[in-house]
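J.: the following comprises the amino acid sequence and a computationally predicted model.
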Amino acid sequence: MLLSILKKLFLRDLEKLKTELELYQQEQNIWIIDKQIANTAGNLCLHLIGNLNTYIGAELGKTGYIRDRPLEFSSGPIPRVELLKRIDETSRMIAGTLDKLNEEQTADEYPQDVSDGKVSTGYFLTHLATHLSYHLGQVNYHRRLLDN
């Protein structure tokens, strides 16, 4: 049951991320920084894609994805259509990977040491879902403040 819930949340929030990017009236505003807002919506999007492809794709799905985390925060501007494509690819990867896991595996120790130390796979997947939600809120805030 946990896996189906998490899959639904990941796919829902990735779809919302696409919607947020599509709602920018001016595409170039996806990449602006202003005042105390240190990250662009585009860089947050790249960060989420890198994070999910690393911890779900490469680690659990054995996709071979190699992350360049510093590039997630220094790249840009990448066309909106490319960001949307990468979100779709990430959604497909998550669906495919979580479909291959079983509920018993959520109790297993997550294969990597993470900031909380040794945790279960279910715990870490839940952490990743809340991380996605957190940054999705930042993208929404960025759009409402800076896409006038």
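T.: Ah, there it is. Here the structure is a predicted model, which means the values were calculated and not measured. Residues are numbered from 1 along each chain as shown.
J.: so where's this structure shaky on pLDDT?
T.: Of all residues in the chain, none has pLDDT under 70.
J.: which element is the residue nearest to the spatial centre of the chain on?
T.: Note on the chain: the residue nearest the mean C-alpha position is residue 48, at 2.8 Å, using CA atoms, centre = their mean. Assessed by DSSP states H and E, residue 48 sits inside helix 41-52.
J.: buried residues of that helix, list them for me.
T.: Residues 41-52 are the ones in helix 41-52 that count as buried (16 or more other CB atoms under 10 Å). No exception for glycine: its C-beta is placed from N, CA and C like everyone else's.
J.: with stretch 118-125 instead?
T.: In stretch 118-125, counting by 16+ other CB under 10 Å, buried: 119, 121-125.
J.: pretty sure residue 42 is touching residue 78, no?
T.: Yes. Counting by CB atoms under 8 Å, residue 78 is a contact partner of residue 42 at 6.2 Å.
J.: what's the burial count for residue 132?
T.: Residues near residue 132, counting by other CB atoms under 10 Å, number 22.
J.: so what's the nearest residue to it once chain neighbours are set aside up against?
T.: Leaving aside its sequence neighbours, residue 132 sits nearest to residue 13 (CB to CB, 6 or more residues apart in numbering; 5.0 Å). Applying CB atoms under 8 Å, 6 or more residues apart in numbering to residue 13 gives the contacts 129, 132-133, 136.
J.: ok, of these, which come out buried?
T.: For the contacts of residue 13, a burial check counting by 16+ other CB under 10 Å picks out 129, 132, 136.
J.: doesn't the last one belong to a helix?
T.: Yes. Looking at residue 136 with DSSP: H, G, I helix; E, B strand; the rest coil, it is inside a helix.
J.: right, and it touches residue 15 too?
T.: No. Using CB under 8 Å as the test, residue 136 is too far from residue 15 to be in contact (10.3 Å).
J.: so how far is the strand or helix carrying residue 12 from its chain's centroid?
T.: Taking DSSP H and E as the definition, residue 12 sits inside helix 2-23. Put simply, helix 2-23 sits 9 Å off its chain's centre (CA atoms, centre = their mean, to the nearest Å).
J.: thanks again, I'm all set now.
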